[in-house]
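Chemist: Predicted model, plus sequence, below.
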Amino acid sequence: MCGIVAYIGPKQAQPLLLEGLKRLEYRGYDSAGLAVLHDQTIRTVRSTGRINLLEQKLAEHGDLTGTLGIGHTRWATHGSPTEANAHPHADHHQRIALVHNGIIENYAALRTYLQDKGCVFRSDTDTEVLAQLIGHVRADAGCDLFTAVQGALREVTGAYAIAVIAHDEPETLIVARKGSPILIGVADGAYFAASDAAAILSHTSQVVTLDDYHVAKLTRNGKGPEMRTATVDNVPVNPTIIELEMTLDEIELGGHDHFMFKEIVEQPHALTNALRGRLDKRTGQVVLGGLSEFSRELVNTRRFILTGQGTAWHAGLIGEYLLEDMAKIPAETEYAAEFRYRNPIIEKDTALIAVSQSGETADTLAALHEAKDRGALSLGVVNSVGSSIARDTDAGVYLHVGPEIGVASTKAFLGQVAVLTLIALYIGRRRYLSAEQILQYIEELERIPEHVQSIIEQSDRIRDEVAKVIDEDNWLFLGRGYNYPVALEGALKLKEISYIHAEGMPAAEMKHGPIALVTDGMPVVFVAPQGSQYDKVVNNIEEIRARGGRIIVVATEDDHDIDRYADTVLRVPHVPEPLQPLVTVVPLQLLAYHAAVLRGHDVDKPRNLAKSVTVE
């Protein structure tokens, strides 16, 4: 949610900022704005709605000339989505401008203090409080912008990623972070700053990631650009430049209508990358270099806690089943937001696995810190290299599925499930699984990408089947065992992008109340591949049929007995039960995608949603 782009260099800033903001549209926003410095004047243009409306307003005002600027897309938290609440925000005297991601928790007390000092506020946001505070510190102490930002941030409680400019420091851009992601792009003769690498990837692949409480001063002079980095307490820090793994092609549509469909189509390749180098058929081993240092601790772990939010929580639930099944270790899956605010019991030899696509999910990061503070071994399952969760965990495994732009996660979910499967096999081999069993799973996993491809090839048929029920506004998704989390994920996908009310639940739970919702023609999706609970699921199907529900079944490709119970059958290849989620979720992704398109919704920008939830 929210996006930051900033630039200092030899080129005109406005087109670069607009380009970056457009690449961040997928993150979710309701307003946007730019501020550019020229001749000791900061000119700011803001607009509600999409970036094209901001461009129209810029055309009306005339382009913002200048080679230093900041831009932002806002997703409303404090204050409604109005032009006054859009970023950038300024201080009382309009001498500095600031963009901000995160939440300033003590903004109310700071606002009262600043009002008593004569500051007049123009918005309802917590962000303006920070801009006013920096301006007040700067004027009161007579210091430069870098020192003023450090001083102001020492008074702030909460999360922030900020970029700041001042009217009388035309060669300086200040960037800082705590709890919200921001990185600095190092280009030829210039610096960029962005909350997401996608915003600057067309200009540089070399970046510096800031740690919490770090402030960077980016300057330019006759010698070229320079960077100074220190903590808020002015302790010097030596930044490290890293090379981004993603490419520009990966964040562009490449001929597809939507990023979500592109990423569904990419899943065979993404899974191949997630598994590459981690399956050793010669020795019958799963190789996870990120865990090797802690293999002994993992073998001796007495309890796993998996935590995440949304789709990552569903992946964690599958991971719970896998760890108990393959490694014989008790496991439980917790909503990260609930875990942090309980008084969780962390016993000796407990390990926590934090699951997050972005590696920046605020609730998951907070749950991770809570568990670490209580002595748990912490592991990360994330996609973004160098993200906060990746840096703050003791060890972990990257997904390597490539950047995911679509708000509704698809290939990252499959990557999370694949990596959690590898972790369960890695530990299971060291506890109970034989080399022969591991080899069988390795061979089956190697076939998963081609199985997923065969399902994607059914996309047109799935669209035609969805069209028959597209006017229905209430759906149920039911599954058992490993496919219960798949039912949850299928329902979430339909809700996220088609805005159809859908509920996922264990198939047996349906009889304990929700069956009262079933009406004639209501779509009920059963995830029912052949397996240990197949007969029980068939019984559940018959109960729904008797009440007039329209039955859609995800079934194994050679199961034709199911045909007599179902109105629609979506076929998936036969795989061992623990690997079924890797194939059964794909038709549900396609179902949700086509439902959204048929209803005329913006698949990649669903209302009220953001790709990365970096505030609580």
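Modeler: Structure's in. What do you need?

Chemist: Report the secondary structure state of Gly254.
Modeler: Following DSSP: H, G, I helix; E, B strand; the rest coil, we place Gly254 in the coil state.

Chemist: check contacts around it.
Modeler: Lys262 (Cβ atoms under 8 Å, 6 or more residues apart in numbering). All C-beta spots, glycine's among them, are computed from the backbone N, C-alpha and C.

Chemist: What separation do you get for it and Leu248?
Modeler: 10 Å (Cβ to Cβ, to the nearest Å).

Chemist: Can you tell me the SS state at Pro225?
Modeler: Using three-state DSSP, the structure places Pro225 in strand.

Chemist: same thing with the one 4 residues further on?
Modeler: Following three-state DSSP, the label given to Thr229 is strand.

Chemist: need the helices for the stretch 1-150 of the chain, in chain order.
Modeler: 13-23, 51-61, 107-116, 126-141, 145-153 (DSSP state H, counting those that start in this stretch).

Chemist: Among those, which comes closest to Phe413?
Modeler: Evaluated with Cβ to Cβ, the helices of the stretch 1-150 of the chain place helix 13-23 nearest to Phe413, the distance being 22.7 Å.

Chemist: Identify the residues contacting that closest one?
Modeler: 3, 5-7, 32, 34, 36, 51, 54-55, 58, 63-73, 192, 194, 196, 198-203, 251.

Chemist: Next step: those restricted to strands.
Modeler: The strands, defined by DSSP state E, take in 3, 5-7, 32, 34, 36, 68-73, 192, 194 from these.

Chemist: Show me where the stretch 451-600 of the chain has its strands.
Modeler: Here the stretch 451-600 of the chain has its strands, by DSSP state E, counting those that start in this stretch, at 474-479, 501-506, 523-527, 550-556, 568-572.

Chemist: Could you look over the ones you listed and pick the most buried one?
Modeler: Comparing the strands of the stretch 451-600 of the chain by mean neighbour count (mean count of other Cβ atoms under 10 Å), strand 523-527 ranks first with a mean of 28.

Chemist: rewinding a little: PyMOL command for the buried members of the contacts of helix 13-23?
Modeler: Buried members of those, identified by 16 or more other Cβ atoms under 10 Å, are gathered into one PyMOL selection as follows:
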select buried, resi 3+5+6+7+32+34+36+51+54+55+58+64+66+67+68+69+70+71+72+73+192+194+196+198+199+200+201+203+251
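
Chemist: so what's the residue nearest to Ile562 when sequence neighbours are not counted bridging to?
Modeler: The shortest distance from Ile562 to any non-neighbouring residue, by Cβ to Cβ, 6 or more residues apart in numbering, is to Ala555 (4.7 Å). Beta-bridge partners recorded for Ala555 (DSSP bridges): Arg571.

Chemist: who touches Ala555 in this structure?
Modeler: Ala555 touches 528-530, 562, 566, 569-572, counting by Cβ under 8 Å, 6+ apart.

Chemist: Reformat those residues as a markdown table; add distance to Ser356 and pLDDT.
Modeler: A markdown table is the format used below for the contacts of Ala555 (distance: Cβ to Cβ, whole Å; pLDDT from 0 to 100):
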| residue | distance to Ser356 | pLDDT |
| --- | --- | --- |
| Ala528 | 30 | 96 |
| Pro529 | 28 | 97 |
| Gln530 | 33 | 95 |
| Ile562 | 36 | 94 |
| Ala566 | 36 | 94 |
| Val569 | 34 | 96 |
| Leu570 | 29 | 97 |
| Arg571 | 32 | 97 |
| Val572 | 27 | 97 |
